[in-house]
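Peer 1: structure here, sequence nowhere to be found:
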Ligand SMILES: CC(C)(COP(=O)(O)OP(=O)(O)OC[C@H]1O[C@@H](n2cnc3c(N)ncnc32)[C@H](O)[C@@H]1OP(=O)(O)O)[C@@H](O)C(=O)NCCC(=O)NCCS
């Protein structure tokens, strides 16, 4: 958690975050705690300006974690994701800037 080291784009001082919690440990606040920690590290230690992530609009859990960690909903990419069953879905883009404060930043 996160699954891989934070993939960074040094030229633009940005990174993308993703995460997964094993099913039997969900809804205990682990994703929120981990994302907040890695976000603080990205800004304070890596000096990044922006962290973002994307999720299928069907993934309400991921959307909830994003908002709980102060990642604003910035927009929707239409038909940008294909499920394992071949169904195309829209994708939400969330972003948090180093200048944002608190964890209640809503888009
Ligand atoms: C998304 C995922 C990482 C959430 O992990 P988690 O540890 O259960 O999340 P948290 O307990 O930290 O939840 C934080 C907040 O997110 C929201 N949330 C989490 N799971 C939710 C769900 N199933 N439905 C609705 N909201 C949810 C809630 O607002 C929650 O706060 P609350 O419990 O106080 O109401 C987990 O469900 C998962 O691994 N899913 C499969 C992988 C995945 O979809 N990864 C994201 C890919 S973009």
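Peer 2: The structure has been received and is ready for your questions. Note that this is a predicted model, so its numbers are computed, not measured.
Peer 1: C-alpha only now, for contacts and for neighbours.
Peer 2: Fine.
Peer 1: need the contact list for the spatially closest residue to residue 69 that is not a sequence neighbour.
Peer 2: Counting by C-alpha to C-alpha, 6 or more residues apart in numbering, residue 103 is the residue found nearest to residue 69 once chain neighbours are left out, at 5.1 Å. When contacts are counted by C-alpha atoms under 8 Å, 6 or more residues apart in numbering, residue 103 is found next to 67-71.
Peer 1: which stretches of this structure have low pLDDT?
Peer 2: Residue ranges of the chain with pLDDT under 70: 1-5, 105-107.
Peer 1: now do the strands in it.
Peer 2: Along the chain, counting by DSSP state E, strands occupy 8-9, 14-16, 50-56, 72-82, 88-97.
Peer 1: would you list those strands in TSV and tack on distance to residue 34 and mean neighbour count?
Peer 2: Formatted as TSV, the entries for the strands of the chain read as follows, by distance: least, C-alpha to C-alpha, whole Å; neighbours: other C-alpha atoms under 10 Å:
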stretch	distance to residue 34	mean neighbour count
strand 8-9	17	14
strand 14-16	14	18
strand 50-56	14	21
strand 72-82	17	15
strand 88-97	15	19
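Peer 1: enumerate the residues of this structure near the ligand.
Peer 2: Applying the criterion C-alpha under 6 Å from any ligand atom, the portion of the chain that neighbours the ligand consists of 18-22, 26-32, 54-55, 60-62, 64-65, 68.
Peer 1: if we use 8 Å, what do you get?
Peer 2: 18-23, 25-34, 53-56, 59-68 (C-alpha under 8 Å from any ligand atom).
Peer 1: before we move on, the earlier item: phi, psi for the residue nearest to residue 69 please.
Peer 2: The phi and psi torsions at residue 103 (degrees, to the nearest 10) take the values phi -120, psi 10.
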